[in-house]
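Peer 1: The following comprises the amino acid sequence and a computationally predicted model.
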Amino acid sequence: MTSRLRALVLGAGLMLIGAAPPRGTVNELSARLEHSADFRVRVQAALQLGKLRAPQSVRPLSNALSDSSPSVRAAAAAALKILGDPRALPPLRQHKSDSSEPVRAQIRASIRALEAQGAAKREPPKVLIKLGNGRTKQQSVTDKQVLAASRNRLDSLPGIQVLPDDEEVAKAAEKQDIPVVLVTTHVDKLMLERDGSDLVYAARIEYLVHSMPGEALAARLAGTASESASEEEARDRVKSAELRRSVLDAAVRSAMRNAPRAVFAAAKL
């Protein structure tokens, strides 16, 4: 197939599928994207994953950048642009040399859009955040996942910058002359429940926002999320881990809806 014909086929596929409303959950669409033998179904699944704007869509869409079909790879790159999650930049950059020119063009466009979005958010910080975990003992895998998701989410908020773990709060505040706020995380709930004939992963995450110095409690934030699972998914270690990570990410986003107001209030801004 010539390059021009590939571009026409690719463009027609995207125009035909792009107008359809998103249907299906992240898990259902991810399964179609990974396992369907029909490239048109995979294209549709990729585009719909982008429209859902769920953080757990980044992984399956990033994996689809290696799909055998150039139409699917282009759809995945376009969906990552729509999704707008900066975590998509590394996998997009890894595929900048795709064998298909239309796919390379879409990847370049998605990278430019995500980089521009990140630059717009990188205004000078008004508040520095020291992010920690409420546990005094060694962090679990779940704790580390929540801290990573929390850091990504907080760092994406305008006017807020999360301090690196190895930087001392006092030195950072003195150096930048910016108020510092302490935010601690706590996984209040993470379990697999049965709801009738369904299995449901449920998570609840709590954040405590402290004014500094003195660590006086200024606000409490909480977020919940749940996601259905089949018996087969619950038994599969890999899929079960992905579901737990997905529901944790969703709970973090839920809790962070009121984070800017709480953080700025704690900083007395």
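Peer 2: Good, I have the coordinates. Numbers count the residues shown, from 1 in each chain.

Peer 1: what about the closest residue in space to L65 that isn't next to it in sequence, distance to R108?
Peer 2: Nearest residue to L65 in three dimensions, chain neighbours excluded: H95, at 4.5 Å (CB to CB, 6 or more residues apart in numbering). Heads up, the C-betas are built off the backbone N, CA and C, glycines and all. Counting by CB to CB, to the nearest Å, the separation of H95 from R108 is 11 Å.

Peer 1: In terms of neighbours, single out the busier of these two.
Peer 2: Per other CB atoms under 10 Å, whichever of H95 and R108 has more neighbours is H95, with 17 against 13.

Peer 1: so who does the more buried one touch?
Peer 2: For H95, the contacting residues are L65, S66, R73, A77, V103, I107, by CB atoms under 8 Å, 6 or more residues apart in numbering.

Peer 1: How much space separates it from E34?
Peer 2: For H95 relative to E34 (CB to CB), the value is 17 Å.

Peer 1: ok, and for stretch 224-237, which residues are buried?
Peer 2: Going by neighbour count (16 or more other CB atoms under 10 Å), the buried part of stretch 224-237 is T224, A225, E227, A229, E233.

Peer 1: next one: stretch 254-264
Peer 2: Applying 16+ other CB under 10 Å to stretch 254-264 flags S254, A255, M256, A259, A262, V263, F264 as buried.

Peer 1: Helices of this protein, start to end?
Peer 2: 3-18, 26-35, 39-52, 58-63, 70-83, 89-94, 101-121, 141-155, 169-176, 231-235, 237-255, 259-266 (DSSP state H).

Peer 1: Quote the end-to-end distance of stretch 47-66.
Peer 2: Using CA to CA, to the nearest Å, the end-to-end distance of stretch 47-66 comes out at 16 Å.

Peer 1: In space, not sequence, find me the middle residue of the chain.
Peer 2: The chain has P55 as the residue nearest its centroid, 3.1 Å off, counting by CA atoms, centre = their mean.

Peer 1: Export the helices of the chain as a markdown table, with columns for distance to E215.
Peer 2: As requested, the helices of the chain are exported to a markdown table (distance: least, CB to CB, whole Å):
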| stretch | distance to E215 |
| --- | --- |
| helix 3-18 | 50 |
| helix 26-35 | 37 |
| helix 39-52 | 38 |
| helix 58-63 | 34 |
| helix 70-83 | 36 |
| helix 89-94 | 35 |
| helix 101-121 | 28 |
| helix 141-155 | 18 |
| helix 169-176 | 10 |
| helix 231-235 | 40 |
| helix 237-255 | 20 |
| helix 259-266 | 10 |
